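Asks: output the structure for:
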Amino acid sequence: MQSQPASAASATLLEDSTVPIVEQLPVGIFRKDTEGRFTFVNARFCELKGMPAERILGRTPAEIDSDEAASWQVIESAVRGPDGTAIGSQGVLLDAAPRNQEEDDAMLANERELLRALLDNSPDHIYFKDAQSRFIKTSTAQALEFGMATPEGLVGKSDFDVFSEEHARPAFEDEQEIIRTGVPMIGKIEKETWIDGRPDTWALTTKMPLRNRAGRIVGTFGITKNISDLKEAERQVAEVNKQLVEASHLAGMARIATNVLHNVGNVLNSVNVSAALILSRVRASKAPGLARAVQLMEEHADDLGAFLASDPKGKVLPGYLRQLASALVAEQNDAIKELAALGKNVEHIKEIIAAQQAYAGASRLLEKVQVRELVDDALRINAEALAQRRMVVEKEIAPLPELLLDQGRILQILVNLISNAEQAMDGVTDREPRLTVRVELVAGRRLRICVADNGVGIATQALSQVFVHGFTTKKTGHGFGLHSAVIAAHEMGGTLTAHSDGPGTGAAFTLELPVET
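Replies: Numbering: from 1, shown residues only. A predicted model of the protein is given here:
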């Protein structure tokens, strides 16, 4: 391929809109044909070669370069046509002459000043260490905290001079591992223990391999930030959270105790009514009449036959005894009936208290549980309130084996949900109050318990807040019940969710728990 005339090449390039940009670049740009002759050079190329473009174009590098050694660096690559064949080459010419020593010294001094400014003013610990993990340079803040008047006082020392073995040893091993592998340590949280007896501190540390100009690892460098205040804040938050959890547990158990006392109180009212009725009937008993009849018969024991046959009082005595016997039998039946009711109510009180006692001291360990019995206990604790509401209770409980569950927490949740369902009927008069409890095992070995009502429902905007501590839509509510329930569910590795289609449509609360048979 013949070289393109210089004038033609220049004309072609002048038509190219990129020429102005190429002419402004600080590096030499060139293009050659397949014979190695220059077909284009920019102004910087001519400047580096020390000759105009006319003396360069159409010539080879050997024809334009002098014998003097030139410190240039050339980066060149092939130019290919549409069919992939080489049609020439193009490249970059760089000035590889050494920098002016004064410029290099000034640049190095500037870099040192910048590093010193960083080391003198950073509140964090910045440090450089040799291959034996001894300090070779450090920030002022670190030197002062380590008890040195100046950063130079730390040079040659190591972590073993300021920290206890408990911290210094792991830190040394981390640095030696970085030197051995070249792998940095990023964002490690460390507990610092000091040999001078000061309180422990916490730090967030990043360490990197320190390399020389040849790329060989000669030590480490790093930065350590004191996060003791942050760790203390985390501790306080954790403590407050623990207190909230405990308060929620107590609130949940208090809800159970409140329901127990409420139901016991209602049953005691029935007990009092039965006792008062029995007392009233005993006081009005016909038994004294029997005593008087017996007295008359004893007074006429010697002439009882004549007395009954001829005496006016004796004649009516048999009829009186018949009426008295009938009245006493009726009294006995009524007394037996009331005493049976009284005994039933006392037994009910015992059941309620027994159900509460079974869970009040629960150890929060997994136990074998029949879920049906657990649901019955929760309903029994709320039984009186449900009866007063005349609420229809429907149980849809699938056949289940014994499951390993935390029955104390689950009872707490169910008592709260059933109580909420009963209270959700306040102000609802256009439908029969209905409570449905559904229990089933779902995919993934999870127990699902749903407590649904057909009460007032929940507004959409309130659904996301029903489990928030203190949130309640009831005038006398405190907002602890559902909050304690959802915490209990989470502690068991489960979930508690609420659903409602809106006001007046009822609501459903679903508890899901992982289970083991």
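
Asks: wait, Lys225 sits on Asp124?
Replies: Yes - Lys225 is in contact with Asp124 according to CB atoms under 8 Å; the separation is 4.9 Å. C-beta coordinates here come from the backbone N, C-alpha and C atoms, glycine included.

Asks: can you give me how far stretch 134-143 is from the chain middle?
Replies: 40 Å (CA atoms, centre = their mean, to the nearest Å).

Asks: and that stretch, how far apart are its ends?
Replies: Using CA to CA, to the nearest Å, the end-to-end distance of stretch 134-143 comes to 13 Å.

Asks: the chain should start at 32 in everything you say after this.
Replies: I'll keep to 32 as the first residue from here, and by that count the last item is stretch 165-174.

Asks: per-residue confidence averaged over it?
Replies: Stretch 165-174 comes out with an average pLDDT of 93.

Asks: secondary structure class for Leu527?
Replies: Of the three states, Leu527 takes strand under DSSP: H, G, I helix; E, B strand; the rest coil.

Asks: identify the bridge partners of it.
Replies: Leu542 (DSSP bridges).

Asks: can you give the distance of stretch 142-154 from its chain's centre?
Replies: Per CA atoms, centre = their mean, the centroid offset for stretch 142-154 relative to its chain is 41 Å.

Asks: neighbouring contacts of it?
Replies: Ile157, Lys168, Thr169, Ser170, Thr171, Ala172, Pro182 (CB atoms under 8 Å, 6 or more residues apart in numbering).

Asks: and it, average pLDDT?
Replies: 86.

Asks: list the buried residues in it.
Replies: By neighbour count with 16 or more other CB atoms under 10 Å, stretch 142-154 contains the buried residues Leu150.

Asks: still on that earlier bit, export the contacts of stretch 142-154 as a markdown table, with columns for distance to Phe191.
Replies: A markdown table is the format used below for the contacts of stretch 142-154 (distance: CB to CB, whole Å):
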| residue | distance to Phe191 |
| --- | --- |
| Ile157 | 20 |
| Lys168 | 18 |
| Thr169 | 15 |
| Ser170 | 20 |
| Thr171 | 22 |
| Ala172 | 20 |
| Pro182 | 19 |
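
Asks: pLDDT below threshold where in the stretch 32-181 of the chain?
Replies: By pLDDT under 70, the weakly predicted segments of the stretch 32-181 of the chain are 32-51, 97-102, 128-131.

Asks: where do the strands sit along it?
Replies: Counting by DSSP state E, counting those that start in this stretch, one finds strands in the stretch 32-181 of the chain at the ranges 59-63, 69-72, 103-111, 117-126, 156-161, 166-169.

Asks: in the stretch 182-331 of the chain, where is pLDDT below threshold?
Replies: Scanning the stretch 182-331 of the chain for pLDDT under 70 picks out 276, 278-298, 300-301, 304.

Asks: in it, which spans are strands?
Replies: Ranges of strands in the stretch 182-331 of the chain, per DSSP E, counting those that start in this stretch, are 216-223, 232-242, 248-257.

Asks: so which of those strands is nearest Ala264?
Replies: strand 232-242 (11.1 Å; CB to CB).

Asks: pairing partners for that closest one, with directions?
Replies: Paired strands of strand 232-242, defined by DSSP bridges, are strand 216-223 (antiparallel), strand 248-257 (antiparallel).

Asks: angle of that strand against strand 156-161?
Replies: 40 degrees (axes from the mean of the first three to the mean of the last three CA atoms, to 10 degrees).

Asks: the stretch 182-331 of the chain: helices as residue ranges?
Replies: Applying DSSP state H, counting those that start in this stretch to the stretch 182-331 of the chain gives helices spanning 196-212, 259-314, 318-330.

Asks: got it, and the stretch 432-548 of the chain?
Replies: With DSSP H, counting those that start in this stretch as the criterion, the stretch 432-548 of the chain has helices at 438-454, 491-494, 512-522.

Asks: check the offset of the last one from the chain's centre.
Replies: So the one you mean is helix 512-522. With CA atoms, centre = their mean, you get 13 Å for helix 512-522.

Asks: buried ones in that helix?
Replies: Buried residues in helix 512-522 (16+ other CB under 10 Å): Gly512, Leu513, His514, Ser515, Ala516, Val517, Ile518, Ala519, Ala520.

Asks: what is the end-to-end distance of stretch 76-92?
Replies: Taking CA to CA as the criterion, the two ends of stretch 76-92 lie 12 Å apart.

Asks: quick check: buried residues in it?
Replies: Quick answer for stretch 76-92 (16+ other CB under 10 Å): Phe76, Cys77, Leu79, Lys80, Ala84, Ile87, Leu88, Gly89.

Asks: the residue lying closest to Asp532 once chain neighbours are set aside and Glu453: what is the separation?
Replies: Nearest non-adjacent residue to Asp532, counting by CB to CB, 6 or more residues apart in numbering: Gly488, 6.9 Å away. Distance, Gly488 to Glu453, by CB to CB, to the nearest Å: 15 Å.

Asks: just Glu85 next, same as before
Replies: From Glu85 across to Glu453, the span is 104 Å (CB to CB).

Asks: again, but for Lys368
Replies: Taking CB to CB as the criterion, Lys368 is separated from Glu453 by 30 Å.

Asks: and the two? which has more neighbours close in?
Replies: Glu453 (21 against 13; other CB atoms under 10 Å).

Asks: still on that earlier bit, right, and the strands of the stretch 32-181 of the chain - which one's nearest Arg469?
Replies: Of all the strands of the stretch 32-181 of the chain, strand 156-161 sits nearest to Arg469, with 60.5 Å by CB to CB.

Asks: now do that closest one: everything it contacts.
Replies: Residues from elsewhere that reach strand 156-161 (CB under 8 Å, 6+ apart): 149-150, 166-170, 172-173, 176, 185, 189, 206, 234, 241, 249-257.
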